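S.K.: How does the following fold in three dimensions:
(2 chains)
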Amino acid sequence: MIVFDAWHLPGIEDSDLAGWNEWTYDDGRIRIRVPVLDPSALGRVTERLRAAREEALAGRPVADVVRAVDAVARRLGRSDDPHRAQAERLLPAVTGYSPPMIRLILDRMAADWRAGALDGLLRAEFRDPGVLDGFRDDGSTAGPEWREGGPGRGGAAGRAGGGVSGGRPAPRRVRAYGPELAVHLFSGNVPGVAVTSLIRALLVKASSLGKTASGEPVLPVLFARMLMEVDPALGECLAVTYWPGGSAALEDVAFGSADTVIVYGGEESVASVRARIPPGTRLVEHGPRLSFIAIGKEALGAAEAPGVADAAARATAVFDQQGCVSPHVVYIERGGEVEPRRFAALLARGMERLEEELPRGRIGPAEAARIRQVRGGAEFRALAGRDVEVHASDGTEYTVIYEADPEFTASCLNRVIWVKPLDALEDVVAHVEPFARYLQTVGLVAGSRRREALAERLGRIGASRITDLQGMPWPPPPWHHDGRGPLLELIRWADLEG
Amino acid sequence: MLDREGQALRAELIERFRRGVDAPFADDAFTALAKRIFAYQFERNAAYAAYCRRQGWLPEVIEHWSQIPAVPTAAFKELPLVSGDPGRAEAVFRTSGTTRGRERRGEHHILDLTLYHGSLLPNFAAYVLPDGAELPILSLVPSVEEMTDSSLAHMIDVLSDRLGSPGSRSFATVAAGIEYDALNEALRGHEADGQPVCLIGTAFAFVHWTDRLRERGERFRLPAGSRLVDTGGFKGRSREVTADALLATYEELLGIPADHVVNEYGMTELCSQFYDNVLRDRILTGSSRPRHKVPPPWVRTVAVDPETLEPVAPGEVGILRHHDLANLGSVAAVQTEDLGRETEDGGFVVLGRASGAPPRGCSIAMDLLVEAAGARRR
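M.R.: Coordinates of the predicted model:
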């Protein structure tokens, strides 16, 4: 039996807790304890986080932070590391994902937290990441040459540049400041999303209080503990705990002490947080998102189509389709050597093979029941004479529904994917436009010129990431997460002119 | 209307209904009738027959009723699942509309309403009126004239007509929701004259109504023997109320004790309904077994594993599958996505609906209607 204390609260002793609740998994073999905090204890946590930041993080070079995170990531990527072993033991039970899926996710996530990846993120966001450490020349000038009285009328020296001599503007220097304390509200069961959020905050020198989701209370705690071991002063800048979302007394304390609140979750919970954060506190929202795949006929030659179908199967299977990056529908253009109906069969074959390598995780009876109903509905549409074909496992492991009606269909997830034909790939825009405000990732396979033209149209309506099928589940570290700069949206600028 | 063979089967069913809910219907006899009904439906319902053939279940290979393929409720949204000519249906009941975009509504074609009524009346009488009481049935569901395709409205109309005493009526309209003032007036009248009543409606409607009573500081002490039938649950709605909290509210604001509150579980896709055991137990035996639903003898309910579609081990949670012989004109075996657990006496407990599944029934529609009416008033 394993008992895991799902909190990392520097400065808080067990005796400071009002108690804890216990969640059991795996027939009682795994027990996760989550603390019951009272608001005053949480208040002490946030004060301590601010003090720890002042002491250990605010003045520390960003390269140092990268080094510490890299050390944690290196350990997490090693199968012989005890923390990694614990993650592999706990996460399948807690999240429902199969052990091979957990291993894959841990490997991919850990790679994204290595120094090279983090440097890439910093450089994508900041021309000179040194702006996080001090004022840096940003290559622009403090202002255009400008003279009293306007151009052509002569006059005194330009006034924009303070110490300008000879009419030449001085270089501008800039500095980026992160929040002192970021509060993160996590949701969902995809491991790694929470840790990525904590790392982004660390990179901009923010202390963080993370509230875990009941679906994944483990990895952010392990990350914080590992950071504590690698770099104790930095570990003091993180606190991770759980409370039931919406607990007003605790969230009032958390929101009141934060400069920035980062919230992940469904529309209702995001709206509820929005309504409760104090004026002047920055809110970073990651609400629900929708992704899909579109494949042009030029990619559907008899030789390459099976490979494309396998990649689409993998993009669907990763995270058991529960990620925001996971596709609901695969749009297939007619007129390729492999027609959409045949593609659906290939996709099903790919899904079936993946069931060996990357099995679908445990799902609840309600989710399995939903899959049965979705399949049943599709089967009876076929029996009613509509152009529908269902390819499915005997159990609920995977379901591929070929359906000629091109209307976008939101899947019930857990590896239920639609294949829908289009006469022209470009028609996809009209079908997804009604859901534009939820659009995120498009796995787009088409000839390069056409792909770019279609990307332009999809981007215009709201898609924030257009990628290939292999990359679909794994956004690179510098991705503009939901269309925004993941570090830039945390910082504020200060300009030093002249 | 049923054809000649259907009418012969109907006669047997009507005889079963007439014998009431306590008449034994042994499993082999049930299987024998279920097989004949399956063969009848197989012959007349091409889509269902194709579905069964694909799974390898033909009438001649069935040995036990539980082998007869069940149709998922979602199928009722896709085509008329009728064993006969849909054009000759005496009624078409539709599931309530949902807010989920273009999703279609499920349709249940009723070829012969006497089967519907024949199953409804003895079952309701046994579980809601086990003392033989004749009560005014006061409904919080709009009348069947307004909601012609609602099975719940139809059911209440028939109950009021056949089992209700004078004063039975609906206290809700589609346009305005619950008619609070008229309902309060009627109840004050019965408080005064000592006539017990039977209130009936969706759990949502009761939540809205009792919220309002509480707001206004009003409460009733309804005469002893009054009872309340609520239907539907709360999953997926902004306001979730536990069953226990609702029972306490009924007692506090209406004076109806928990053992006089009967929850009805019904679905558009079935001609038969299920009721809580509590009032019947209380009145007939004085016992208080845990609250659960009891199928009438002409219905069998099993909980199956959604992964394998095989029955779960006794006491385990599965998804409920009903085999309702009163569904002669459509499909008898219906696979729901309602989670439940069988009890030892052949009954079951409903544990909720698959999350994200469009909720069944009129419960949500009534609620939306009340909300919409409220929005207009604002």
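S.K.: before we move on, which element is residue B:35 in?
M.R.: Counting by DSSP states H and E, the element that carries residue B:35 is helix B:27-44.
S.K.: Just give the closest residue to the closest residue to chain A within chain B, not the sequence neighbours.
M.R.: Distance from chain A to each residue of chain B (CB to the nearest CB) is smallest for residue B:72, at 2.9 Å. Where C-beta positions appear, they are placed from N, C-alpha and C, glycine not excepted. Once flanking residues are discounted, residue B:72 sits nearest to residue A:376: 2.9 Å by CB to CB, 6 or more residues apart in numbering or on different chains.
S.K.: could you check the distance from the residue of chain B closest to chain A over to residue B:96?
M.R.: If you measure residue B:72 against residue B:96 using CB to CB, to the nearest Å, the figure is 18 Å.
S.K.: now chain A, which segments are flagged as low pLDDT?
M.R.: Under the criterion pLDDT under 70, the flagged ranges of chain A are A:142-168.
S.K.: Are we agreed that the residue nearest to residue B:72 is in a helix?
M.R.: Yes - according to DSSP: H, G, I helix; E, B strand; the rest coil, residue A:376 belongs to a helix.
S.K.: That one and residue A:79, how far apart?
M.R.: Distance, residue A:376 to residue A:79, using CB to CB: 42 Å.
S.K.: quick one, which of those two is more surrounded?
M.R.: Each of residue A:376 and residue A:79 has its neighbours counted (other CB atoms under 10 Å in any protein chain shown); residue A:376 has more, 23 against 10.
S.K.: wouldn't the more buried one be in contact with residue B:79 here?
M.R.: No - using CB atoms under 8 Å as the test, residue A:376 is too far from residue B:79 to be in contact (12.0 Å).
S.K.: which residues in chain B form helices?
M.R.: For chain B, the helices defined by DSSP state H occupy B:4-19, B:27-44, B:46-54, B:113-128, B:151-162, B:180-193, B:203-215, B:243-254, B:278-284, B:363-377.
S.K.: Turn these into JSON lines, columns for mean neighbour count and distance to residue A:108.
M.R.: Shown next, in JSON lines, are the helices of chain B (neighbours: other CB atoms under 10 Å in any protein chain shown; distance: least, CB to CB, whole Å):
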{"stretch": "helix B:4-19", "mean neighbour count": "15", "distance to residue A:108": "60"}
{"stretch": "helix B:27-44", "mean neighbour count": "18", "distance to residue A:108": "51"}
{"stretch": "helix B:46-54", "mean neighbour count": "18", "distance to residue A:108": "40"}
{"stretch": "helix B:113-128", "mean neighbour count": "21", "distance to residue A:108": "57"}
{"stretch": "helix B:151-162", "mean neighbour count": "22", "distance to residue A:108": "51"}
{"stretch": "helix B:180-193", "mean neighbour count": "14", "distance to residue A:108": "58"}
{"stretch": "helix B:203-215", "mean neighbour count": "20", "distance to residue A:108": "45"}
{"stretch": "helix B:243-254", "mean neighbour count": "16", "distance to residue A:108": "44"}
{"stretch": "helix B:278-284", "mean neighbour count": "19", "distance to residue A:108": "54"}
{"stretch": "helix B:363-377", "mean neighbour count": "18", "distance to residue A:108": "41"}
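S.K.: returning to what we had before: now the helix holding residue B:35 and helix B:46-54, what's the angle there?
M.R.: Interaxial angle, helix B:27-44 versus helix B:46-54 (axes from the mean of the first three to the mean of the last three CA atoms, to 10 degrees): 120 degrees.
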